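S.K.: 3D, please:
(2 chains)
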Amino acid sequence: GAVVSQHPSWVICKSGTSVKIECRSLDFQATTMFWYRQFPKQSLMLMATSNEGSKATYEQGVEKDKFLINHASLTLSTLTVTSAHPEDSSFYICSAPKTSGGPEETQYFGPGTRLLVL
Amino acid sequence: AQSVTQLDSHVSVSEGTPVLLRCNYSSSYSPSLFWYVQHPNKGLQLLLKYTSAATLVKGINGFEAEFKKSETSFHLTKPSAHMSDAAEYFCVVSDPASYGKLTFGQGTILTVHP
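M.R.: Prediction:
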């Protein structure tokens, strides 16, 4: 099946610093990618839709200036958590849809990045 | 608007017994529905999906789910649980009006006892 990777898999940073997380579709191109966050013992919440060549679309309540998204190519989207604070500690997951040639598509998820802000 | 409700936050079964994970959905459109599994420290894996074809959908690892429009349900079942099935399961609905956007249920943690 299709593969989506994330880097790093985990990161610890000091409060006030910025952290960049990469999401790559390894064997297919994705004009759209999605970023989710998952708090402990909670479900995934969609943060934003990353669009190749244009601005990301953020869900209500997500600060676009804090969570910068760049979809630089058809296989790479990055999420930068700026001026991170302890409340930003979470599990961040990306996904990319892959079509099989028809109208249906399947989302493939990355393994996630665990962020701990001290 | 669309939503997904997983009726059980935890399900515990013995190895070899049937598994039932319940999911109800709400959608203004004809939805696409999915079940994903998340093992500890691993990424989400697609178990199966319903996209308006057969209402009984067979997935990987012996799982299947039945789409019941009248009950707005998409319950996940497996005839005989295996220890390796222990994980967290998410019922997910796709919004056809917003390409690719998924709404996740709260998740059900499945525990399998020997």
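
S.K.: in its sheet, what does the least confident helix or strand in chain A by mean pLDDT sit against?
M.R.: For chain A, using mean pLDDT, DSSP states H and E, the weakest element among its helices and strands is strand A:105-109, scoring a mean of 82. Strands that pair with strand A:105-109, judged by DSSP bridges, come out as strand A:90-99 (antiparallel).

S.K.: buried set for the strand it pairs with?
M.R.: A:90, A:91, A:92, A:93, A:94, A:95, A:96, A:97, A:98 (16 or more other C-beta atoms under 10 Å in any protein chain shown). All C-beta spots, glycine's among them, are computed from the backbone N, C-alpha and C.

S.K.: Not including adjacent chain positions, what is the nearest residue to the third one?
M.R.: The shortest distance from residue A:92 to any residue other than its chain neighbours is 4.8 Å, reached at residue A:113 (C-beta to C-beta, 6 or more residues apart in numbering or on different chains).

S.K.: swap in residue B:20?
M.R.: Nearest non-adjacent residue to residue B:20 (C-beta to C-beta, 6+ apart): residue B:77, at 5.4 Å.

S.K.: give the contact list for the one you found.
M.R.: B:18, B:19, B:20, B:21, B:63, B:64, B:65, B:66 (C-beta atoms under 8 Å, 6 or more residues apart in numbering or on different chains).

S.K.: Look up how far chain A lies from the fourth one.
M.R.: Think residue B:21. Look at residue B:21 and chain A: by C-beta to the nearest C-beta, to the nearest Å, they are 14 Å apart.

S.K.: What of the second one?
M.R.: The spacing between residue B:19 and chain A, counted by C-beta to the nearest C-beta, is 20 Å.

S.K.: What is the neighbour count of residue A:29?
M.R.: Neighbours of residue A:29 under the rule other C-beta atoms under 10 Å in any protein chain shown: 11.

S.K.: what's the closest non-adjacent residue to it?
M.R.: Using C-beta to C-beta, 6+ apart, the nearest residue to residue A:29 is residue A:74, at 3.9 Å.

S.K.: For chain A, just list every one of the strands.
M.R.: Counting by DSSP state E, chain A has these strands, from start to end: A:4-7, A:10-13, A:19-25, A:32-38, A:44-51, A:57-58, A:67-73, A:76-81, A:90-99, A:105-109, A:113-117.

S.K.: Against which helices or strands is the fifth one packed?
M.R.: What that stands for is strand A:44-51. Here strand A:44-51 touches strand A:32-38, strand A:57-58, strand A:67-73, strand A:76-81, strand B:102-104, going by 3 or more C-beta pairs under 8 Å, 6 or more residues apart in numbering or on different chains; DSSP states H and E.

S.K.: switch the cut-off to 7 Å
M.R.: strand A:32-38, strand A:57-58, strand A:67-73 (3 or more C-beta pairs under 7 Å, 6 or more residues apart in numbering or on different chains; DSSP states H and E).

S.K.: residues of that strand that come out buried?
M.R.: Buried-residue list, strand A:44-51, by 16+ other C-beta under 10 Å: A:44, A:45, A:46, A:47, A:48, A:49, A:50.
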